[in-house]
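*Asks:* Output the structure for:
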Amino acid sequence: MSLFASPAMTPGPSKAAKSNDMAARALAAGSVPPIAAKTADPFDRTGLNMLVAIRRRLPRLATSSFLVVGDIASYLVAYFVVLSFFPSGLEGTMAERTFTIAALAAIILYASAGLYPGYRLHDHEHLRRRTVAAVKVAVLAAFGAIILPEGERLLLAVIGFLALGLIVQPFVHWLARGLCWKLGRWGERAVVIGGCNLTPALVAHFNNHWQYGIRPEAISPDSLEALPDGGPSIAVIAGDTGAFAPDLAAMRRKFAEVILLSDTPSLKVSGLRPADVGGEIGIRLTTSGSSVNSDLVRRILDLTIAIPASIVVAPFIAFAAAAIYAIDPGPVFFRHTREGRSGKPVHVLKLRTMYQDAEQRLEAVFRDDPNMRAEWLSHFKLKDDPRVLPVIGHMLRSSSIDELPQLANIIAGQMAIVGPRPFPEYHLSAMDSEFRDKRRSVTPGLTGLWQISERSNADIELQQQLDEFYIDNRSLWLDCQILLSTIPAVFKRRGAY
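*Replies:* All right, here's what the predicted structure looks like:
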């Protein structure tokens, strides 16, 4: 039986006799009334639909053109950078034509991968599709270098050109998206249909995550039928989607896309994948799993990043350690036992950012200020923490420099670059046992999903949701996106204290 099979598809009373009953059920459920069928000449209706489709596609085409121009600008930057490294080997029209063809091929592949404008794609999916396209062009360039005369001298330059473009493009794409958003051209208009308690949360979610490409419009259910042609192109339905089953055909005619939400931003179901079995719609619940190959690749990447990084940051750690000792003489490093993979203890290494009598100070605060105790119980963090060392302590915590000694834990194999943060026992005890078991299935990390999104602003429930989403959807591409997003998140210092 189809997931959206309606009563009208089964034997019973006539459609006319049932229309009032269906409308009553929909209104009783707090949903929208059925969309009335409009009688019109088929040829006039077809022409009108074509005009509406063209009018809806024009903003999307304009945004896509803007993004294409941004990618072309990125390749121009990459070209001049490569030219400065190979000044003697890239003269002449042959090199210029080669770079032009490589850039054009990459942009065509980007377009075929749905990256223009790339609405409703997560950032790590953008990164994956761009990387795959660039690798394909690089393979074609290598093949050309083999069969074309003097192609070998251009091969390294073309690969460097594509790699630099891949590095510059996300930044330019970020600027282009931001400008389009400020101009009101980013995203597609969408009506949000749900209960009174769902609609505001969904509208706030899509506004906060505008990069996803949905511009929500909260409307009353009664005004849905009165929406003019050429209005919002998307309908987002939340709540009891079964009540809308009789109206889906009409809604699909009215909207270019109908999105049925099985949950809300405050209750994320992770690990969902679509399934099509013999034409029937279904959903697969998957787990990220852990293969030997992926673990080996992650371990190689961890060492490739952690070993050079530990050498680079050593002077900063030494300077911070000296400042800590000058303010509060004593041990400058702090080791705390946390729970690692398979429940094994991990002795996490950090620069000390608190006074040595931090526990006594915390107990005194709890006795004197119940509000701070409540803040601690919801976040296990305090914005105005009396335990933190003046100046140097706040600076190290807001910049996350105090976490850099954990590169030693990564080299030792106790931690990874990306993964759920290793929490102390008192923090984990506030989470349910099932989630703790899931957490033990992966290696804890230096940075993670909630570090780049919420940091200390996240309460226990949101931390658990974000970590659970990461574990269920874990991939090398998601790890790469989190790693690339960590640096700007640290510089913004939003939610860091």
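
*Asks:* Hmm, Ile471 is touching Glu434, no?
*Replies:* No: counting by C-beta atoms under 8 Å, Ile471 does not reach Glu434; the two are 11.9 Å apart. Where you see a C-beta, it was placed from the backbone N, CA and C, and this is true even at glycine.

*Asks:* who has more neighbours, those two?
*Replies:* Ile471 (20 against 9; other C-beta atoms under 10 Å).

*Asks:* so where is the stretch 201-350 of the chain shaky, pLDDT-wise?
*Replies:* Scanning the stretch 201-350 of the chain with the threshold set as pLDDT under 70 gives 220-226, 228-230, 239-247, 262-293.

*Asks:* which stretches of it form helices?
*Replies:* 248-254, 292-327 (DSSP state H, counting those that start in this stretch).

*Asks:* Could you measure from Ile300 over to Ile307?
*Replies:* For Ile300, the distance to Ile307 equals 11 Å [C-beta to C-beta, to the nearest Å].

*Asks:* picking up where we left off before, and Leu127, which of the helices of the stretch 201-350 of the chain is closest to it?
*Replies:* helix 292-327 (14.5 Å; C-beta to C-beta).

*Asks:* Pick the most buried one from the helices of the stretch 201-350 of the chain.
*Replies:* Most buried of these by mean neighbour count (mean count of other C-beta atoms under 10 Å) is helix 248-254; its value is a mean of 16.

*Asks:* Counting by contacts, list what that one packs against.
*Replies:* If you count contacts as 3 or more C-beta pairs under 8 Å, 6 or more residues apart in numbering; DSSP states H and E, helix 248-254 packs onto strand 257-260.

*Asks:* Kindly point out the strands partnered with the strand it packs on and how each is oriented relative to it.
*Replies:* strand 234-237 (parallel) (DSSP bridges).

*Asks:* burial of Ile411, as a residue count?
*Replies:* For Ile411, using other C-beta under 10 Å, the count is 15.

*Asks:* Give me the nearest residue to it, chain neighbours excluded.
*Replies:* Nearest residue to Ile411 in three dimensions, chain neighbours excluded: Ala306, at 5.2 Å (C-beta to C-beta, 6 or more residues apart in numbering).

*Asks:* Tell me the spacing between the one you found and Ile410.
*Replies:* From Ala306 to Ile410 the distance is 4 Å (C-beta to C-beta).

*Asks:* Mutual contacts of the two, please.
*Replies:* Jointly contacting Ala306 and Ile410 under the rule C-beta atoms under 8 Å, 6 or more residues apart in numbering are Ile417.

*Asks:* Gln464 contacts Phe435, correct?
*Replies:* Yes: counting by C-beta under 8 Å, Phe435 is a contact partner of Gln464 at 5.6 Å.

*Asks:* Spell out which residues are contacts of both of those two.
*Replies:* Residues touching both Gln464 and Phe435 (C-beta under 8 Å, 6+ apart): none.

*Asks:* For the two, indicate the residue with more neighbours.
*Replies:* Legend: neighbour count by other C-beta under 10 Å for Gln464 and Phe435, higher for Gln464 (20 against 15).

*Asks:* who does the host helix or strand of the more buried one touch, helix- and strand-wise?
*Replies:* Using DSSP states H and E, Gln464 sits in helix 460-472. Helices and strands touching helix 460-472, by 3+ C-beta pairs under 8 Å, 6+ apart, are helix 433-439, helix 449-453.

*Asks:* How about residues contacting the longest one?
*Replies:* This points to helix 433-439. Residues from elsewhere that reach helix 433-439 (C-beta under 8 Å, 6+ apart): Glu339, Pro420, Leu428, Met431, Gln464, Asp467, Glu468, Ile471.

*Asks:* before we move on, what about the last one?
*Replies:* Taking C-beta under 8 Å, 6+ apart as the criterion, the residues outside helix 449-453 that touch it are Arg421, Ala458, Leu462, Gln463, Leu466, Asp467, Phe469, Tyr470, Ile482, Ser485, Thr486, Ala489.

*Asks:* Which residue, neighbours along the chain excluded, lies closest to the last one?
*Replies:* With C-beta to C-beta, 6+ apart as the criterion, Ala489 has its nearest non-adjacent residue at 4.3 Å, and that residue is Ile452.

*Asks:* Any idea how many residues pack against that neighbour?
*Replies:* Ile452 has 22 nearby residues by other C-beta under 10 Å.

*Asks:* distance of it from Ser400?
*Replies:* Taking C-beta to C-beta, one finds Ile452 at 11 Å from Ser400.

*Asks:* swap in Ser294?
*Replies:* Distance from Ser294 to Ser400, by C-beta to C-beta: 26 Å.

*Asks:* Only the buried residues of stretch 164-176, if you could.
*Replies:* Burial within stretch 164-176, assessed by neighbour count using 16 or more other C-beta atoms under 10 Å, is assigned to Leu164, Gly165, Leu166, Val168, Gln169, Pro170, Val172, His173, Ala176.

*Asks:* residues making contact with that stretch?
*Replies:* In contact with stretch 164-176 (C-beta under 8 Å, 6+ apart) are residues 66-67, 69-71, 73-75, 77-78, 81-82, 103, 106, 126-127, 130-131, 134, 484.

*Asks:* same check, this time on stretch 199-213
*Replies:* Contact partners of stretch 199-213, identified using C-beta under 8 Å, 6+ apart, comprise 117-120, 123, 177, 181, 186-188, 190, 192-194, 214-216, 218, 236, 238, 261, 264-266.

*Asks:* For the stretch 51-200 of the chain, which segments count as strands?
*Replies:* 188-193 (DSSP state E, counting those that start in this stretch).

*Asks:* Adding distance to Ala320, write the contacts of helix 433-439 out as TSV.
*Replies:* Listed next are these as TSV, based on distance: C-beta to C-beta, whole Å:
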residue	distance to Ala320
Glu339	27
Pro420	25
Leu428	28
Met431	31
Gln464	31
Asp467	28
Glu468	33
Ile471	32
